[in-house]
Each structure stands twice: as C-alpha cells, then as structure tokens.
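*Asks:* only geometry, no sequence info:
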C-alpha cells in the first residue's frame, strides 16, 4: 500500500476498558506535530542498531522519537558505523560540513547542528529502517 493510499483518520483514539475513547490529537494541533507516518533518514546507524539523527531546528525529531505512529527511515549503506562514538563523529565531521557547504551553495548562510537524537531502542514495529545499497545523502 502506498502512503498516499493510507486512509487518514480524523482522530486517533484509545479504546478499551474504563472511560470512553479519549481524543489524543487536538483537532487544532498542527498535523506535523503528531503525524501518522513520517518518512526521513538518519546520519548514522551503529552495528548494534542505534540510530543517530542530527538537526538544525529539531523539527523532525519529536516525530522520530515519539509523536509519529510510524517512522520510515531510508538510509544509505555508507551511514553504517561500528558504534555510537563513530556515529556522532560521522555526524559532526562528515555530514555537517557537507550540509553546510550545500546550504551555502543554495544561497543560505550555512547550517548548524543544534540538536542530536539517538534512538537506542524502539517499541514493537513502529520504526522501519530501509538500508539502501547505494550512497544516499550525507
């Protein structure tokens, strides 16, 4: 099923014993704050499965860490690293300088690494990592 074909509910509800279903997403809440799906990438994945994501604004990190029902990360094979130290070093010393240059070439002042998220463990099947056998991104 394509994501575009996924029926979008107007609310997410918790059902079960106890009180009637409770609305989890305020109808006035911006959709980006708690999407059903988020598609993105990461800067590194360790041999033990930890995922490293860096961001200038942090706008995607809340959805990656908690708010999205389903997280799909498409990650190029060059982002596989031995451990967390190597992943954080890759983010700072490899990815950030290339993103900085890319932003300057586009006419912006550059880029900054303001926030870093490390996913150590995930519940159930909420996060899907698709490792692609080609170089994708920084």
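*Replies:* Cool, got the structure. Keep in mind it's a predicted model, so treat the numbers as computed, not measured. Numbers count the residues shown, from 1 in each chain.
*Asks:* Please count neighbours and contacts with C-alpha atoms only from this point.
*Replies:* Noted.
*Asks:* what about this protein, any weak spots by pLDDT?
*Replies:* 1-33 (pLDDT under 70).
*Asks:* swap the cut-off to 80 and go again
*Replies:* Low-confidence segments of the chain (pLDDT under 80): 1-34.
*Asks:* Excluding chain neighbours, what is closest to the residue most central in space within it?
*Replies:* Geometric centre of the chain, nearest residue: residue 64, 4.0 Å, by Cα atoms, centre = their mean. The spatially closest residue to residue 64, leaving aside those adjacent along the chain, is residue 71, at 6.2 Å (Cα to Cα, 6 or more residues apart in numbering).
*Asks:* what does residue 126 give?
*Replies:* Using Cα to Cα, 6+ apart, the nearest residue to residue 126 is residue 70, at 4.9 Å.
*Asks:* Test my guess that the one you found contacts residue 124.
*Replies:* No: assessed by Cα atoms under 8 Å, residue 70 is found out of contact with residue 124, at 10.5 Å.
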